[in-house]
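Colleague: Just to be clear, the model below is a prediction. Sequence and coordinates:
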Amino acid sequence: LGETSDGSIWAVMKPGGVARIDPASGKIRLFGVAEGLPCGISHRGFIDHLDRLWIATNCGVFRSDRPSANGVFHRIDQPASLGLAVWSIAEDHQGTMWIASPSGLWRLSDVQWRQYRKADGLLADDPYIIAIAADGALWLRHRLGAGVERVEFSGDQLMRSTAVVPLDAMSNEVTAFHGF
């Protein structure tokens, strides 16, 4: 769930699509293929500091630049691997967008993409949920190994990754962190 500046409440629907609850009438409007969301599965949404609505789907990242005005979504320019699936989206305090996908963690800043994987210092290659800490660090919950880590960056450089909950696919300890 998220709220745009006009008071509209937005929800990602399972298995796919998006819903808007009108703040004045309480009516619900569904958005899907006709509005530019062609994927069968939408995972999460995010409203950024410019009031744009980002949607993480099984076929990439989509965005509505004026969700309450027209509700039209478009697929943003993105690396091909994001077209396979995107699990979550977050924005840090500098306006950098962070995208979690099966192909790793992605950073989008000034229309430039950068990918981070285990080889770059992440706990694993499958970040699933992203949360931004007050100090700008990223908290990542991984999908398959179910680990949780705190990752610190300086610009686009990964400086430190600290495992808070080690990777353990059989662990029940991180179930509560599924959606942060």
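Modeller: Thanks, I have it.

Colleague: Not counting sequence-adjacent ones, nearest residue to the residue nearest to the spatial centre of the chain?
Modeller: Most central in the chain under CA atoms, centre = their mean is Ile89, positioned 1.5 Å from the mean C-alpha point. The shortest distance from Ile89 to any non-neighbouring residue, by CB to CB, 6 or more residues apart in numbering, is to Phe46 (4.2 Å). In this view, the C-beta of every residue, glycine as well, is placed from N, C-alpha and C.

Colleague: mind listing what the one you found touches?
Modeller: 2, 53-54, 56, 88-91 (CB atoms under 8 Å, 6 or more residues apart in numbering).

Colleague: Okay, and which of those residues map to strands?
Modeller: If you go by DSSP state E, the contacts of Phe46 have 2, 53-54, 56, 88-91 in strands.

Colleague: Which pLDDT value belongs to the closest residue to Arg143 other than its chain neighbours?
Modeller: By the measure of CB to CB, 6+ apart, the closest residue to Arg143 outside its immediate chain neighbours is Tyr128, 3.7 Å from it. Note for Tyr128: predicted pLDDT of 90.

Colleague: Quick check: which element contains Tyr128?
Modeller: For Tyr128, the host element (DSSP states H and E) is strand 127-132.

Colleague: Please apply the same query to Arg107.
Modeller: In this assignment (DSSP H and E), Arg107 forms part of strand 104-109.
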